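Trainee: With the sequence up front, the predicted model follows.
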Amino acid sequence: GKIYVVMNEGEVAYASTDKESANAYADTQGFEARARVLEEWGNDDPSEDDIAEADLQAGFDGDYYEVVKVDISNLAEDDTVELPDGTEIEVSEILEKLEVAD
């Protein structure tokens, strides 16, 4: 049925049947990316503006994670699912990440 897929640069990074787990994964990846950027900048006491800039830089660096709900019921493993942004992913990719998460 309904799966929450965490996408990063057109790839499935994580999948779960639980929305909160998917959001937590995406948030954790985002926080880690921000921390890496701030560390690269040598900023150990960031202001709110610094944090916003670091989040933006992390996104430019490819560390942007988005949760998308997909419905894979009635689909075979070799079928594809089209996301709202037009990206197509294979059901097998989702199932692979789902097995790791569960």
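Mentor: Received, thanks. Numbering: from 1, shown residues only.
Trainee: Quickly note the distance from the residue of the chain positioned farthest from its centre to residue 16.
Mentor: In the chain, residue 45 marks the outermost C-alpha relative to the chain mean, sitting 26.6 Å out by C-alpha atoms, centre = their mean. Distance, residue 45 to residue 16, using C-beta to C-beta, to the nearest Å: 35 Å. C-beta coordinates here come from the backbone N, C-alpha and C atoms, glycine included.
Trainee: Can you show me the helices along this structure?
Mentor: With helices called from DSSP state H, the chain shows them at 19-41, 48-60, 91-101.
Trainee: Just give me the lowest mean pLDDT stretch among the ones you listed.
Mentor: If you rank those by mean pLDDT, helix 91-101 sits at the bottom with a mean of 88.
Trainee: now residue 43: how far from residue 55?
Mentor: 13 Å.
Trainee: again but with residue 63, I slipped
Mentor: Relative to residue 55, and taking C-beta to C-beta, residue 63 is found at 9 Å.
Trainee: any shared contact partners between those two?
Mentor: Residues touching both residue 63 and residue 55 (C-beta atoms under 8 Å, 6 or more residues apart in numbering): 30, 33.
Trainee: related to what we said a few turns ago, CSV please, covering the helices of the chain and showing mean neighbour count.
Mentor: Converted to CSV, these look like this (neighbours: other C-beta atoms under 10 Å):
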stretch, mean neighbour count
helix 19-41, 16
helix 48-60, 15
helix 91-101, 15
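Trainee: Redo those helices as TSV? Include distance to residue 69.
Mentor: Conversion of these to TSV gives the following (distance: least, C-beta to C-beta, whole Å):
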stretch	distance to residue 69
helix 19-41	8
helix 48-60	21
helix 91-101	12
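Trainee: Nearest to residue 76, out of those helices?
Mentor: Closest of these to residue 76 is helix 91-101, at 6.8 Å (criterion: C-beta to C-beta).
Trainee: Residues contacting the closest one, please?
Mentor: Helix 91-101 has contacts (C-beta under 8 Å, 6+ apart) with 3, 5, 11-17, 21, 70, 72, 75-81.
Trainee: Grab the CA positions of that helix and hand them over as PDB.
Mentor: The C-alpha trace of helix 91-101 is given here as PDB (Å, rounded to 0.1, in the frame of the first residue of the first chain):
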ATOM      1  CA  VAL A  91       9.200  -0.400  -7.100                       C
ATOM      2  CA  SER A  92      12.100  -2.700  -6.500                       C
ATOM      3  CA  GLU A  93      14.200   0.200  -5.200                       C
ATOM      4  CA  ILE A  94      11.400   1.100  -2.800                       C
ATOM      5  CA  LEU A  95      11.100  -2.500  -1.600                       C
ATOM      6  CA  GLU A  96      14.900  -2.700  -1.100                       C
ATOM      7  CA  LYS A  97      15.000   0.300   1.100                       C
ATOM      8  CA  LEU A  98      11.800  -0.800   2.900                       C
ATOM      9  CA  GLU A  99      13.500  -4.100   3.900                       C
ATOM     10  CA  VAL A 100      16.500  -2.300   5.300                       C
ATOM     11  CA  ALA A 101      14.200   0.100   7.300                       C
END
